[in-house]
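Visitor: no FASTA, just this:
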Ligand code: ADP
């Protein structure tokens, strides 16, 4: 059926059938159309413009499908537009537009196709799906505000057509979408279309939600971190360690310190790394420690050096009594150094001074005096027990808790690049699987290499070439050969009783008295000191002596508080007994009576010379030989050599026939707790064995030293001076020495030699002639011919 209707063009609003809608009408043509409708049967056609911005749309600007509506109410608004309430009735197809004062159109009804004929057989379920989709849509769409009344209404709809239309009314779709719903006459297809739009939107909401969740999360994380950082900064500021301040301070320190180029670059790089690290991280601590190490080390700081040998001589003399020869050698060493330096002779490789001697003879204090006299800093480092290369050279920084090696730690303590550096106990260093520390030390001491010393921790070359190294050792035997070759050895043998008394009187007593606050209140008599040296100490140096003087001072200080005596109290030998208690070495001089199977040997240990008592017993048995008293391999072998010699000459010395099969021998060297070694006890062991086997007594007032050969010759030994000092201190006057050691007497102080009666021997027969106490069968046959042909100089 064809009929004609007035037309109102809508810019962006689609009115759907079965819905109420408010429409604003302002344009004159539209107003006229409205008037026409009102003057007829209130029916009007609402059609949407294809483009909203066109003011006076013609036929081609309008869609071909519109909605036949009934005007329900018209309200005139203050600006003269009309608000019209319309009710959609049905879809119509526009066959033609008729232009006139108002717009009119010829239309036909667009028949809706019945539901049964739809393509989708299961329309009911689509209805349900669409309803719940819309429910979801309404919930998620923030631009859609529907009250529960509308939703309830919608849920009540059972028919597909109206449902699709109502949803299209509410949905916030654009005009084109809504128009397409309007144009769809077939109900099932229309619902599908609506459902499709809903699904599309739901999907979009979902993506948007995810996206916004992700954005939010990201923002949250950023914000959280920012917040925490700000908070941390505030806390740190409160604690006074502001990170930025620290970085700046480090940079200034690096700039101000006179660092070599390589070290400076490295330090600045580390500061950059530090800046990027979170403040509290363990990495940051490592970097900080490393930077501190660089900044604490001296790189250019240097003491002005006074190389004046005569001044050094004065200082050495002022600090040390006696030690004539070591002092002389030190001065010579310095003189050569000075001359070579002045000549700028690049070829001269100054050797390293090595002071060798027992503990407490003043090695360390000589080193300190050298430093003082030259106006240089002094550092001391003990190598005792160092067995790992890393202790010298440091650990790589990858190790937890790694540190620079001891050399650099010493340099840090010194604070200058030209200290006197004393390496103590270089002979106590050992090598094992962790690497040989002595090879690292060689590099330290080598002037050709030590200007670029490589510490594993520091990783930057460090210049040690201005350092004056001095080493000390108790004995030379365990110093690795390559090290020894680099060193100029100065022996300090140990002091005589007289020297000890002088050192005590001049240096140690005044010092200890002063340190204990007893100046003018206490002194020690010579008798007291003599008693301390002879009865309370047994040492080559003066370390224990010093300790005991300190003990006397300490105990006296205590008494002074109780008694408060006037003037100076002189501690005499009786008071020493009182203060120090029972002396440990009282019996030292006792055994001078002749005994069977007991002799006094002389040995040279790392603590100086000592007397060694050697005992031998012989009992019936099967020829077993026991050697006890912690003897080293060399000493054992020397004992076996002595016994072998005696077996071979049994009849000559009137030893029991076949004693090596019928008697057991036991040789014991006293003071079993101290390990002993070396061949020099040979003749003392042989003498004790002869005495034990023959039952004849040997003299107790004689001490002896000498190696014995299988043929009975007596060979030279080392440490003559120390051994004679030991005999002297033990109160022994008669000493047997190998003939070949005659020249060594030059080293022995005159005061000692005056008290001693030295006999030189070259064969064991001569030893026995001195040792056997007269009264027994002393007559030995003349020397056998083989002794006579023995090569002289075999001892060399
Ligand atoms: P070392 O390093 O050889 O073990 P030290 O140098 O530590 O011995 O000496 C121990 C103590 O004895 C120091 O206080 C030192 O001053 C003192 N001393 C050693 N020899 C002498 C000496 N000849 N004159 C004065 N004091 C000495």
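Guide: Structure received. These numbers were taken from a predicted model, which means no experiment stands behind them. Numbers count the residues shown, from 1 in each chain.
Visitor: Regarding stretch 375-394, how distant is the last residue from the first?
Guide: 29 Å (Cα to Cα, to the nearest Å).
Visitor: Which residues belonging to it are considered buried?
Guide: The neighbour-count check on stretch 375-394 (16 or more other Cβ atoms under 10 Å) flags 376-383, 386-394 as buried. The way it works is simple: take the backbone N, C-alpha and C, and place the C-beta from them, glycine included.
Visitor: how near is the residue nearest to residue 81 when sequence neighbours are not counted to the ligand?
Guide: Of all residues not flanking residue 81 in the chain, residue 26 sits nearest, at 4.1 Å (Cβ to Cβ, 6 or more residues apart in numbering). According to Cβ to the nearest ligand atom, to the nearest Å, residue 26 stands 114 Å off from the ligand.
Visitor: and residue 26, what does it touch?
Guide: Residue 26 makes contact with 80, 81, 82, according to Cβ atoms under 8 Å, 6 or more residues apart in numbering.
Visitor: how close does the residue of the stretch 301-450 of the chain found nearest the ligand sit to residue 370?
Guide: Closest to the ligand within the stretch 301-450 of the chain is residue 362: 2.7 Å, counting by Cβ to the nearest ligand atom. From residue 362 across to residue 370, the span is 12 Å (Cβ to Cβ, to the nearest Å).
Visitor: Residue 686 now?
Guide: 46 Å.
Visitor: So for those two, which residue has more residues nearby?
Guide: residue 686 (30 against 24; other Cβ atoms under 10 Å).
Visitor: Just to check, the more buried one is in contact with residue 764?
Guide: Yes - between residue 686 and residue 764 there is a contact under Cβ atoms under 8 Å: 6.0 Å.
Visitor: Between those two, which contacts overlap?
Guide: Listed as contacting both residue 686 and residue 764 by Cβ under 8 Å, 6+ apart are 645, 708.
Visitor: show me where pLDDT drops low in the stretch 351-500 of the chain?
Guide: 431-434 (pLDDT under 70).
Visitor: For it, which residues are neighbours of the ligand?
Guide: On the criterion Cβ under 6 Å from any ligand atom, the ligand has as its neighbours in the stretch 351-500 of the chain the residues 359, 360, 361, 362, 363, 364, 365, 472.
Visitor: now, which of those residues lie within strands?
Guide: residue 472 (DSSP state E).
Visitor: Separate out the buried members of the residues of the stretch 351-500 of the chain next to the ligand.
Guide: 359, 360, 361, 362, 363, 364, 472.
Visitor: any chance of these in TSV, with distance to residue 145 too?
Guide: Listed next are those as TSV, based on distance: Cβ to Cβ, whole Å:
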residue	distance to residue 145
359	100
360	102
361	104
362	103
363	99
364	96
472	97
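Visitor: Taking those residues, tell me the two that lie furthest apart.
Guide: Across those, the longest distance by Cβ to Cβ is 11.7 Å; it joins 360 and 472.
Visitor: Overlap in contacts, those two.
Guide: In contact with both residue 360 and residue 472: no residue, using Cβ under 8 Å, 6+ apart.
Visitor: Buried ones among the contacts of residue 26?
Guide: residue 82.
Visitor: Of the contacts of residue 26, just say which sits nearest to residue 541.
Guide: Nearest member of the contacts of residue 26 to residue 541, counting by Cβ to Cβ, is residue 81, at 121.1 Å.
Visitor: from what I can see that closest one touches residue 27, true?
Guide: No - contact criterion Cβ under 8 Å: residue 81 and residue 27 do not qualify, at 9.2 Å.
Visitor: And the residue of the stretch 101-250 of the chain closest to the ligand?
Guide: For the stretch 101-250 of the chain, the residue closest to the ligand is residue 250, as judged by Cβ to the nearest ligand atom, at 40.3 Å.
Visitor: what sits against the nearest residue to that residue once chain neighbours are set aside?
Guide: Residue nearest to residue 250 in three dimensions, not counting chain neighbours: residue 271, with 5.1 Å by Cβ to Cβ, 6+ apart. Neighbouring residues of residue 271 by Cβ under 8 Å, 6+ apart: 247, 250, 251, 254, 291.
Visitor: residues near the last one, how many?
Guide: The tally of other residues near residue 291 (other Cβ under 10 Å) stands at 20.
Visitor: Chain neighbours aside, what residue packs nearest to it?
Guide: Spatial nearest neighbour of residue 291, excluding adjacent residues (Cβ to Cβ, 6+ apart): residue 270 at 5.6 Å.
Visitor: Could you grab the helix/strand/coil label for residue 258?
Guide: Assigned with DSSP: H, G, I helix; E, B strand; the rest coil, residue 258 falls in the coil class.
Visitor: And it, how far from the ligand?
Guide: Separation of residue 258 from the ligand (Cβ to the nearest ligand atom) stands at 35 Å.
Visitor: Tell me which residues touch the closest residue to that residue other than its chain neighbours, please.
Guide: Leaving out its chain neighbours, the residue that sits closest to residue 258 by Cβ to Cβ, 6+ apart is residue 300, at 4.2 Å. By Cβ under 8 Å, 6+ apart, the residues touching residue 300 are 258, 259, 417.
Visitor: List buried residues within these.
Guide: 259, 417.
Visitor: Show me the residue sitting in the middle of this structure in space.
Guide: residue 402 (1.8 Å; Cα atoms, centre = their mean).
Visitor: Pretty sure it sits against residue 394.
Guide: Yes - with contact defined as Cβ under 8 Å, residue 402 reaches residue 394; the gap is 6.9 Å.
Visitor: what is in contact with the two at once?
Guide: 456, 457.
Visitor: How many residues are close by residue 457?
Guide: The number of residues packed near residue 457 is 19, by other Cβ under 10 Å.
Visitor: Same question for residue 518.
Guide: If you count neighbours by other Cβ under 10 Å, residue 518 ends up with 18.
Visitor: One more: the one 3 residues further on?
Guide: Residues near residue 521, counting by other Cβ under 10 Å, number 17.
Visitor: what about stretch 751-770, start to end distance?
Guide: Note: stretch 751-770 ends 25 Å apart using Cα to Cα.
Visitor: just use 792 as the starting number from now, easier for me
Guide: Let's use 792 as the start, then, which means that last one is stretch 1542-1561.
Visitor: list the buried ones in that stretch?
Guide: For stretch 1542-1561, the neighbour count (16+ other Cβ under 10 Å) marks 1543, 1547, 1549, 1551, 1552, 1553, 1554, 1555, 1556, 1557, 1558, 1559 as buried.
Visitor: ok so, going back, derive a ChimeraX selection command for the buried subset of the contacts of residue 1062.
Guide: Per 16+ other Cβ under 10 Å, the buried members of these correspond to this ChimeraX selection:
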select :1041,1045,1082
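Visitor: just checking, which of the contacts of residue 1062 belong to helices?
Guide: Among these, the members found in helices (DSSP state H) are 1038, 1041, 1042, 1045, 1082.
Visitor: which one among the residues you listed gets closest to residue 894?
Guide: Of all the ones in helices among the contacts of residue 1062, residue 1038 has the smallest distance to residue 894: 78.8 Å, by Cβ to Cβ.
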